[in-house]
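A.B. asks: Make a model of this:
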Amino acid sequence: MSDDKSSFNGIVLVRSLWLLLGVFACSTAVIMIKASETHPVVLSAYRLLLASAVLTPVFVYHLRREGCDYRLVHLKRSLIPALLLALHFISWALGARLTFAANASLIVNMVPLVMPFILLTLLRERVHGREIAGTFFALGGVGLIGFSDYTLDAGLLFGDFVCFVSMLLFALYLALGRRNRDFSNVWLYLVPLYWMAGIICLLASVAMGLPLTGHSGTEYGLLLGLALIPTIVGHSILNYSLKFFRGQVVSVVNLCQFIFAGTMAYLIFSEIPAPAFYAAAALVAGGAWVVLRQK
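C.D. replies: Numbering: from 1, shown residues only. Take a look at the predicted model:
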């Protein structure tokens, strides 16, 4: 019995580390976006379409291997999450430019606050005791660093609202990833999702009259990096982890993005974190540890 328990704990540890790797990969997005000069909507289109192109051979391989279990209904189940992801990318990029960075960061990180209601509505998945405690710790950290810089300004309310909508879109996207965890292989769910989300962002870029080409070699390198690291590695691992971890667990652990991003910003851009960053990081890390330790 003890051997079985040790084996189970080992599996949970590996999956927890895998989830943290995905969160770290997602956190690199803000660093590359910060270094990029491409319009955020065009950037989102490139990011998703390049990721789709790279992953298409993987999709074809698994489709041939498990094609008898893949139907048109599965393709349709990727459509709404794709729309949500595309709208999240676009609204987040636009909203962040309509309000202060502190306002945008605080609002977009409130996913664990709304996730329990979304999970209950869509999946009848109730939040457990440790998840409540972990959420309390993590959101305490977010509030500590966010409210200290948050500015209430009537002129920024529309930008704040757009960021709030973007946060809801991301929460819904994660919740649907949890509901679609029954796919036989995560790539059969994600690759069509990335293709459809990329096409939506591309159409939005064309509708806005944004230039799609003429970027520098460095810029194309950043776009490729966004496709490979935060999209293929980061978002894919988040969706894969939803097969094993409850939705609230993933949403709380995902808050660790700001810890990784703040550390990388210091190392790459010499951006010194505010004093509140360290206490906030400790609270968020503590919240993640609590939710990951639940049975």
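A.B. asks: From now on I want contacts and neighbour counts done on CA atoms only, so please keep to that.
C.D. replies: OK.
A.B. asks: Going along the chain, name the helices of the protein.
C.D. replies: For the chain, the helices defined by DSSP state H cover 2-35, 40-66, 72-77, 79-98, 101-108, 111-123, 129-147, 157-179, 186-207, 217-226, 236-241, 247-253, 257-269, 276-292.
A.B. asks: Any chance of JSON lines for those, columns mean neighbour count?
C.D. replies: Compiled in JSON lines, the helices of the chain are given as follows (neighbours: other Cα atoms under 10 Å):
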{"stretch": "helix 2-35", "mean neighbour count": "17"}
{"stretch": "helix 40-66", "mean neighbour count": "20"}
{"stretch": "helix 72-77", "mean neighbour count": "12"}
{"stretch": "helix 79-98", "mean neighbour count": "22"}
{"stretch": "helix 101-108", "mean neighbour count": "21"}
{"stretch": "helix 111-123", "mean neighbour count": "18"}
{"stretch": "helix 129-147", "mean neighbour count": "21"}
{"stretch": "helix 157-179", "mean neighbour count": "22"}
{"stretch": "helix 186-207", "mean neighbour count": "22"}
{"stretch": "helix 217-226", "mean neighbour count": "18"}
{"stretch": "helix 236-241", "mean neighbour count": "24"}
{"stretch": "helix 247-253", "mean neighbour count": "28"}
{"stretch": "helix 257-269", "mean neighbour count": "17"}
{"stretch": "helix 276-292", "mean neighbour count": "21"}
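A.B. asks: can you put these in TSV and add mean pLDDT?
C.D. replies: Rendered in TSV, the data for those read as follows (pLDDT from 0 to 100):
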stretch	mean pLDDT
helix 2-35	80
helix 40-66	91
helix 72-77	84
helix 79-98	86
helix 101-108	64
helix 111-123	83
helix 129-147	74
helix 157-179	86
helix 186-207	94
helix 217-226	92
helix 236-241	90
helix 247-253	86
helix 257-269	78
helix 276-292	82
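A.B. asks: Could you report the pLDDT at the most centrally placed residue in the chain?
C.D. replies: Nearest to the geometric centre of the chain sits residue 235, at 5.8 Å (Cα atoms, centre = their mean). Looking at residue 235, its pLDDT reads 89.
A.B. asks: Surely it touches residue 26?
C.D. replies: Yes - counting by Cα atoms under 8 Å, residue 235 does reach residue 26; the two are 6.7 Å apart.
A.B. asks: pretty sure residue 138 contacts residue 285?
C.D. replies: Yes - between residue 138 and residue 285 a contact is recorded at 7.2 Å, counting by Cα under 8 Å.
A.B. asks: re earlier: ok, the residue nearest to the centre of the chain - contacts?
C.D. replies: Listed by Cα atoms under 8 Å, 6 or more residues apart in numbering, the contact set of residue 235 reads 22, 26.
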